[in-house]
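J.: curious how this folds, go ahead:
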Amino acid sequence: MIRAASQDDTKQLADIWLAASIKAHDFVEPAFWQARLEDMRTLYIPASECFLEEHQGRVSGFCCLVDDCLAALFVAPDRQGQGIGSRLLDEAKRRRKSLQLTVYKANHASVGLYQKQGFRITAEQVDEHTGHAELCMRYDTQGE
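T.: Coordinates of the predicted model:
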């Protein structure tokens, strides 16, 4: 079931963010993500419109929107590969006519998911915090 996240969900979302970030970005030191956990918990998640997928009372993954930006899409590592990311992307696309995002170029699984979901690469840049290449991607609703 997908539902809007509440303030009570923030700790679970941040924990998923940390675990999934470390797994998906093995080219970045885990300490980088750990150092940002508190900001994720207290600044970024609360400032976003977040939706989560819950199964049997446990959060499986979440996405966050800030205006037309998909600011976050993370799935618990033990729940990846089960279509949760696609369902969360469908929810985000249902709520916006267009979406933009950035994703690390070396995160091949996520880049592939976004492309499969209709996102196209619009630019490439370097993330100022890590020095790694990232792709700017965009999705526009067809026929509206």
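J.: let's see the pLDDT reported for residue 142.
T.: We have a pLDDT of 66 for residue 142.
J.: which residues are contacting stretch 91-109?
T.: With contacts defined as C-beta atoms under 8 Å, 6 or more residues apart in numbering, stretch 91-109 is touched by 2, 24-25, 27-28, 49, 51, 63, 65, 68-71, 73, 110-111, 114, 117-119, 122, 124-125, 127, 130, 132-141, 144. Glycine gets a C-beta too; all of them are placed from N, C-alpha and C.
J.: could you do stretch 17-26 as well?
T.: For stretch 17-26, using C-beta under 8 Å, 6+ apart, the contacting residues are 30, 33-34, 37, 40, 45, 72, 74-77, 80, 104, 106-107, 109-110.
J.: please repeat the previous calculation with a cut-off of 6 Å.
T.: Contact partners of stretch 17-26, identified using C-beta atoms under 6 Å, 6 or more residues apart in numbering, comprise 30, 33, 37, 40, 74, 77, 107.
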